[in-house]
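K.L.:
Provide a 3D model corresponding to the input given below.
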Amino acid sequence: QVRLVESGGGLVQAGGSLTLSCAASGGRFSIDIMGWYRQPPGKQRELVALITTGITNYADSVKGRFTISRDNAKNTVTLHMSALKPDDTAVYYCNLRKIATMSDYWGQGTQVTVSS
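P.N.:
Residues are numbered from 1 along each chain as shown. This is a model prediction of the structure:
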């Protein structure tokens with residue numbers, strides 16, 4: 001069974017940096033899409049960044065500030081966030097989409113709070 005576990009959330013001041021990590025278990029995922037989504041308070045979940053084989057995609061709001069990477073040998077995906085803004089405050093979720101089935105799997109979420 002696929003399981004995703006996030007870590008690395010917390011409280012940071014505006015302008016600071018934070019790194020989120022997600023460890024996937026229950027299979028091999030090197031050809032699958034992994035990514036990060038977030039849900040700000042009172043808003044819908046939104047895409048932050050995706051990564052697949054050699055391709056990354058970012059929401060306009062985080063381009064130039066966030067970097068997504070993955071380690072297929074360790075089944076991990078990492079989101080390095082810099083120049084954080086209060087608008088980045090949200091629960092961040094790790095996502096895995098299996099290419100073979102187009103099934104989505106989610107982590108439990110990790111809170112990121114950016115103070116002004």
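
K.L.:
so what's the residue nearest the centre of the chain bridging to?
P.N.:
With distances taken as C-alpha atoms, centre = their mean, the residue of the chain nearest its centroid is residue 36 (2.5 Å). Beta-bridge partners recorded for residue 36 (DSSP bridges): residue 49, residue 94.

K.L.:
pretty sure it is touching residue 9, no?
P.N.:
No: at 11.3 Å, residue 36 does not count as touching residue 9 under the criterion of C-beta atoms under 8 Å. Backbone N, C-alpha and C define where each C-beta goes, glycine included.

K.L.:
shared neighbours, the two?
P.N.:
Residues touching both residue 36 and residue 9 (C-beta atoms under 8 Å, 6 or more residues apart in numbering) are 20, 92.

K.L.:
and the residue nearest to the centre of the chain, what is it in contact with?
P.N.:
20, 22, 48, 49, 68, 77, 79, 92, 93, 94, 95.

K.L.:
residue 17: neighbour count?
P.N.:
11 (other C-beta atoms under 10 Å).
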